[in-house]
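**Student:** Okay, here's the prediction I keep looking at, along with the sequence it came from:
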Protein chains: 2
Amino acid sequence: MYDFEFYNPTRLLFGRSSLEQLDTLVPNDARVLLLYGGQSAKRNGTLAQVSQVLGKRICAEFGGISPNPNYHQLLQAVEQIRQQKLDFILAIGGGSIIDAGKFIAAAAPYQGEPWEILETDGRHIDQALPLGTVLTLPATGSEMNNCAVISNSALGLKRSFRHPSVFPRFSVLAPQLSFSLPQPQIANGVVDAFVHVTEQYLTYPVDAKVQDRFAEGLLLTLIEEGPKALAEPENYQVRANIMFSATMALNGLIGTGVPQDWSTHKLGHELTVRHGLDHAVTLAILLPTMLRLRKAAKHAKLLQYAERVWQLSDGSEEQRIDAAIELTRQFFESMGLKTHLSDYGIGHEAIAPLLENLERQGLTQLGEDGRVDLELSRQVFQASL
Amino acid sequence: MYDFEFYNPTRLLFGRSSLEQLDTLVPNDARVLLLYGGQSAKRNGTLAQVSQVLGKRICAEFGGISPNPNYHQLLQAVEQIRQQKLDFILAIGGGSIIDAGKFIAAAAPYQGEPWEILETDGRHIDQALPLGTVLTLPATGSEMNNCAVISNSALGLKRSFRHPSVFPRFSVLAPQLSFSLPQPQIANGVVDAFVHVTEQYLTYPVDAKVQDRFAEGLLLTLIEEGPKALAEPENYQVRANIMFSATMALNGLIGTGVPQDWSTHKLGHELTVRHGLDHAVTLAILLPTMLRLRKAAKHAKLLQYAERVWQLSDGSEEQRIDAAIELTRQFFESMGLKTHLSDYGIGHEAIAPLLENLERQGLTQLGEDGRVDLELSRQVFQASL
C-alpha cells in the first residue's frame, strides 16, 4: 500500500425522507441559488419539493445546465450570483449539475478570469461559496468528492479541477428520486460508476487488501443490481444499492494508497468532445479494448478480477482474463450500451483527429504507468471500431 | 437498507512518512498537551519523534493513561489543561489514549460536572478542544470516530459518549509504529476490529449490499493478515492492512443503514470491569457463544458469513453455520486468545454478579432486536465457561 492522505467531510443524508432534512441543512438566512438541468427536475416535482422544504428562504433559480456543463453557460450563473448577492448553491440533479455547482461556487468569489481555475487545476482557489446537493442520478460520485469536470465547447476542451473548498457541505441521496429517470440514464450511471471503480482497481497490485475488496464489492453490487434497475425501475432497494455504490466508487476511499489508471476516461473525453457521445458510452466502448491491449501490464489484477468478481477459476490464466474482459463487455451490452464505435457511426477516419487532440493536450503518457502513448491510444481506438 | 446519515471529517495521514506531517497539521501557535499511556511511547522513541516534529511549539505532557481509561485520572489532565491554558490535545497511542483524549477535549471547556458528559451520552456538549491523534496500536477505530468509552472504577461502571466535536481533526496512521508492540496487543487489536465488524454485520439482512461486502472484505483481510502480523512483526504491508482495516471497521461506514448488535460488547464490558479481562479477550470468549445461541435470529446473515467469509458451501445450512462459528473461535485461538472463561479462572459463581450488574444498568434488552435479555445473557456466560 502506498502512503496516502484521506479527507472527506461531505455529510450524506441517505434515504426516503432525506429531502426533508434540507430544512436543517441549509442555513435559515441563506440566499440560495437553485441549480438544475433540463425540465425533468420541474416535471417530476423535485424542484417543487425542494422549494417547499426551503420555505421562506430567498431562492433564485438557474436551470438548463447541460450534460458536460459548458464554461460559458456557467459564467452566466456566476454573474447572477454576484448581481443578486446569493451565498449558497443547491445543485439538484446528477453529476453534471453538481460539477457545475462546484465550478460556480469557486468562480463566484474568484478574483481573476474564472478559466484560470480550470487551467491550474484549482491551485489558486482560496475560497468557495458553500454548496449542497440533491442527487437525482446515481453515477459520477460528484456528490461526495471535491472534483469537477467542465467543458469549453468554443475551445473543444474538457478540463477538471479539484479543491477542498468545493466538497459539498451535504448531499441528499434519495433513491426514489431516480425512479423517473429514463432507462438510458440509469444504465449510463451504472456503467460510469463501474468504470470509476476499474480505473482505481485494474492496475497492478500493491498489497492494498481493503481497497481491493471494497472495489470488488462495488463491482459485484453494480453487476447484480444494474440489470434489476432496468427491469424494476421502482425497486427502492435496488436503486439504493446502486446510488450508494456510485457514491462510494468515487469519494476517494477505494483510490487511497493505490495506483490509478484513468486512461479510458481520458480517451473517452475526446469522443465526447468531438462526437458528442455520452460519457458512459465512451467508457463502455473503450474499457474492454483498453483492458485487452493492456493485459500484460494489468495481468495480476485482471486475474484477481476474473476470480473474485466473475468467479472464473477454470482454464489458463490467459483464458480467465479474456473471459473476464468479455463478460465486462457483455455486462455493458446487457445495460443497453453498445460497445463499438461503429454502433455510433464512427469509423476509421475519426481516429487521426482524436489522436491530434490528445497530442495537442500533451495526453501522451496515460495510465497507471504512463505507458498509454499515442500509438497505444491509436490501437485502442482502432480495436474499438 | 435503512435511511442513514453519514459524516466523518477526520483527516487520515497514512504511511511511513505520515508522522512528519504533524508539522503542518498542528497549528504553529498551538499549546499542546501530549497524551500517552505507559512507558512504551517513551521507550520506543515515538514521543521523542513527535516532540522533534513539533519543534518550538509549547508542549506539555500527561502520561500514564491506563487501558480502560479511568474517569478520575482524566480529571487530572483536565485540570492541567485549564491551569496551563493548553488548547490542543495530541493523543499518542491506541484506543484507550484516544478515547481519553476525546473525553478530556470535551471536559476541559465543559461548564458542569464532567461526569454528566458520560451520563448523558454527550448531549450537553457544545464545544471541545481540537484533538489530533498518532495511532500506534490498530484496534478500536477511535482514531476516526466521535465515540469514547471511559471507566469509573469507583462506581464499577463503563460509560460511553459521542459528539461531532470530538472527531479527531486528523489521525496519523504509521503502521511501522506498531512493529514494537507486544504480540498480545496486536492480537487483541485484530480480534477487537474483527468483532467491531461482526457487531454491525451479523444481524439480519436489510439488502445493504455495499455495507455487507465492505464488512466481509474487512473480515477476510483480518483473517488473512492477523496470523501474519504475529509471525512477521516487521512486515509493513501486513501491519498496514490491519491498521486500515481496524480504522474502517468502526468509522461509521459499514454500520450505515444497517441494524447493529453490540450485545457481545455490552456483556464483555462487564467482564472487563469486574474481572479485569482485556476488552478483546472478552469478545473472543463471548462472540462464538453469542452467535451459537442466536443462530435462529441471525440465520440468514450467518449463512452468508459462512459462504462469503469462510467459503463454506458443503453440508446443511445448520452445518455450515456451525462450522463458521467454530472457525471464528479457532481464528481467535490462532491469534493466541483463549476462548473460555475457565481459561482465565472464572467459574460458575461469577455469573450471578455479572447479571446483577447488567440488570442494575438496565441492560436487559440488548442486541439488534432487543432480545438479548438477562436469561439469554445468563446462557451466554454459562456456555462460555
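**Tutor:** Structure's in. What do you need?

**Student:** How far off centre is whichever strand or helix holds A:H269?
**Tutor:** Per DSSP states H and E, A:H269 falls inside helix A:263-275. In terms of CA atoms, centre = their mean, to the nearest Å, the centre of helix A:263-275 is set 13 Å apart from its chain centre.

**Student:** So which elements touch that helix?
**Tutor:** On a contact count with 3 or more CB pairs under 8 Å, 6 or more residues apart in numbering or on different chains; DSSP states H and E, helix A:263-275 meets strand A:157-162, helix A:183-201, helix A:279-293, helix A:351-360, helix A:374-383. Heads up, the C-betas are built off the backbone N, CA and C, glycines and all.

**Student:** for the record, mean pLDDT for that helix?
**Tutor:** The predicted model assigns helix A:263-275 a mean pLDDT of 94.

**Student:** Provide the contact partners of it at residue level.
**Tutor:** A:68, A:149, A:151, A:156-158, A:195, A:198-199, A:277-279, A:282-283, A:285-287, A:290, A:341, A:344, A:346, A:350, A:353-354, A:357-358, A:363, A:366-367, A:372, A:377, A:380-381 (CB atoms under 8 Å, 6 or more residues apart in numbering or on different chains).

**Student:** Could you rerun that using 6 Å?
**Tutor:** A:156, A:158, A:277, A:279, A:282-283, A:286-287, A:290, A:346, A:354, A:357, A:363, A:366-367, A:372, A:377 (CB atoms under 6 Å, 6 or more residues apart in numbering or on different chains).

**Student:** before we move on, back to that, which one of the helices and strands packed on helix A:263-275 lies nearest to B:D261?
**Tutor:** helix A:183-201 (29.6 Å; CB to CB).

**Student:** Tell me the confidence at A:A154?
**Tutor:** 88.

**Student:** next one: A:G45
**Tutor:** 89.

**Student:** cool, and the one 4 residues further on?
**Tutor:** The predicted local distance difference test score for A:Q49 is 95.

**Student:** Contact residues of the stretch 201-350 of chain A facing chain B?
**Tutor:** A:D207, A:K209, A:V210, A:R213, A:F214, A:G217, A:T221, A:Q237, A:A240, A:N241, A:F244, A:S245 (CB under 6 Å from any CB of the partner chain).

**Student:** and the closest residue to A:H163 other than its chain neighbours, how many neighbours?
**Tutor:** In this structure, A:H163 finds its nearest non-sequential neighbour in A:G122, 3.9 Å apart by CB to CB, 6 or more residues apart in numbering or on different chains. For A:G122, the neighbour count with other CB atoms under 10 Å in any protein chain shown is 23.

**Student:** Okay, buried residues for the helix holding A:H269 please.
**Tutor:** Residues of helix A:263-275 classed as buried: A:S263, A:T264, A:H265, A:K266, A:L267, A:G268, A:H269, A:E270, A:L271, A:T272, A:V273, A:H275 (neighbour count, 16 or more other CB atoms under 10 Å in any protein chain shown).

**Student:** Now tabulate those residues in CSV and tack on distance to A:G93.
**Tutor:** Shown next, in CSV, are the buried residues of helix A:263-275 (distance: CB to CB, whole Å):
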residue, distance to A:G93
A:S263, 28
A:T264, 24
A:H265, 21
A:K266, 25
A:L267, 26
A:G268, 21
A:H269, 20
A:E270, 25
A:L271, 23
A:T272, 18
A:V273, 21
A:H275, 24
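
**Student:** Export only the CA atoms of the helix or strand where A:V32 lies, formatted as CSV.
**Tutor:** Under the criterion of DSSP H and E, A:V32 resides in strand A:31-35. Only the C-alpha atoms of strand A:31-35 are listed here, as CSV (Å, rounded to 0.1, in the frame of the first residue of the first chain):
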residue,chain,number,x,y,z
ARG,A,31,-29.7,33.3,-0.1
VAL,A,32,-29.9,30.2,-2.3
LEU,A,33,-29.2,29.6,-6.0
LEU,A,34,-31.2,26.5,-7.0
LEU,A,35,-29.2,25.0,-9.9
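
**Student:** Name the surrounding residues that touch the next helix or strand after that strand.
**Tutor:** Where DSSP H and E defines the elements, the next helix or strand beyond strand A:31-35 is helix A:40-43. Contacts of helix A:40-43 with the rest of the structure, by CB under 6 Å, 6+ apart, involve A:L47, A:I92.

**Student:** 10 Å instead, please
**Tutor:** Helix A:40-43 is contacted from outside by A:34-36, A:46-50, A:61, A:63, A:65, A:92-94, A:97, A:134, A:136-137, A:177, A:180-182, A:185, using CB atoms under 10 Å, 6 or more residues apart in numbering or on different chains.

**Student:** could you check the angle strand A:31-35 makes with whatever helix or strand comes next after that helix?
**Tutor:** Next helix or strand after helix A:40-43 toward the C-terminus (DSSP H and E): helix A:46-54. Angle, helix A:46-54 to strand A:31-35, by axes from the mean of the first three to the mean of the last three CA atoms, to 10 degrees: 160 degrees.

**Student:** quick one: buried residues of helix A:46-54?
**Tutor:** Neighbour-count burial for helix A:46-54 [16+ other CB under 10 Å]: A:T46, A:L47, A:Q49, A:V50, A:V53, A:L54.

**Student:** Excluding chain neighbours, what is closest to the fifth one?
**Tutor:** Yep, that's A:V53 we're talking about. Per CB to CB, 6+ apart, closest to A:V53 is A:L22, 4.6 Å.

**Student:** Over to A:G336?
**Tutor:** A:A187 (4.8 Å).

**Student:** Relative to chain B, how far out is that neighbour?
**Tutor:** The gap separating A:A187 from chain B is 19 Å, by CB to the nearest CB, to the nearest Å.

**Student:** Repeat that for A:R371.
**Tutor:** From A:R371 to chain B the distance is 25 Å (CB to the nearest CB).

**Student:** Can you tell me, leaving aside adjacent residues, what's nearest to that residue?
**Tutor:** A:R371's closest residue in space is A:A297 (CB to CB, 6+ apart), at 6.6 Å.

**Student:** next one: A:F6
**Tutor:** That would be B:L12: by CB to CB, 6+ apart, it lies 4.3 Å from A:F6.

**Student:** Secondary structure element holding that neighbour?
**Tutor:** Per DSSP H and E: strand B:11-14 holds B:L12.

**Student:** after that strand comes which helix or strand?
**Tutor:** Criterion used, DSSP H and E; the element after strand B:11-14 is helix B:22-25.
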